[in-house]
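> Okay, predicted coordinates and the sequence, questions at the end:
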Amino acid sequence: MADCIFCKIVDGSIPSKKVYEDDQILAFYDLEPQAPVHVLVIPKQHISCADEVDESNSGVFAHIFEKIPQIAKELGLTNGYRIVNNCGDDGCQSVKHMHFHLLGGTQLGGRMV
Ligand code: DGP
């Protein structure tokens, strides 16, 4: 989608530090890390947020969750991690291309908000 930062990362017109890629998904380091390891995992297809998930596109999210354990292991997250998805304004979603934050590398805080 035009003017989507993450679509531009997918097509290579904006550079990123990739940690995993296949035909459906991409994982890359977050520009503003909030933990020692902070990676974003995204579908290559432009899906704005969780509100847009339906029967026609949900398969890619199953794929993401199948790959996250492998990505986490390769990043050395052997003692656990957190997966975060922000949706919409109240969820503080700043990039409107659905993504999962994969956070770890330290003992994370116990509160979600
Ligand atoms: P969210 O607030 O959930 O929409 O998270 C968006 C994240 O995207 C935020 O942690 C910063 C990150 N981000 C924004 N622009 C870029 C970029 O151009 N490259 C990378 N690697 N990360 C970005």
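Looks like it arrived, so ask away.
> how far away is the nearest residue to Asn86 once chain neighbours are set aside from Asp3?
Nearest-residue entry for Asn86: Gln93, 4.1 Å, with adjacent residues in sequence omitted and distances by Cβ to Cβ, 6 or more residues apart in numbering. Every residue, glycine included, has its C-beta placed from N, CA and C. Gln93 sits at a distance of 16 Å from Asp3 (criterion: Cβ to Cβ, to the nearest Å).
> Name the residue in the two with the higher neighbour count.
In terms of neighbours (other Cβ atoms under 10 Å), Gln93 is the more surrounded of Gln93 and Asp3; the figures are 17 against 7.
> I figured that one was touching Ala50, is that so?
No - counting by Cβ atoms under 8 Å, Gln93 sits too far from Ala50 to count as a contact (9.1 Å).
> Mutual contacts of those two, please.
With contacts taken as Cβ atoms under 8 Å, 6 or more residues apart in numbering, the residues that reach both Gln93 and Ala50 are Cys87.
> Confirm that His101 sits in a strand.
Yes - applying DSSP: H, G, I helix; E, B strand; the rest coil, one finds His101 inside a strand.
> And the contacts of the lengthiest strand in the chain?
Residue-count comparison of every strand in the chain, with assignments taken from DSSP state E, identifies strand 37-43 as the longest. With contact meaning Cβ under 8 Å, 6+ apart, strand 37-43 is reached by 6, 9-10, 19-20, 24-30, 57, 60-61, 64, 67-68, 71, 75-77, 81, 97-105.
> now stretch 56-73
By Cβ under 8 Å, 6+ apart, the residues outside stretch 56-73 that reach it are 19-20, 22, 24-25, 27, 39, 41, 43, 45, 47, 53, 81, 83, 100, 102, 104.
> how about a cut-off of 6 Å?
With contact meaning Cβ atoms under 6 Å, 6 or more residues apart in numbering, stretch 56-73 is reached by Tyr20, Gln24, Ile25, Ala27, Val41, Pro43, Ile47, Tyr81.
> Quickly name whichever of those residues is closest to Asp89.
Sorting the contacts of stretch 56-73 by how near they are to Asp89, with Cβ to Cβ, puts Ile47 at the top with 17.4 Å.
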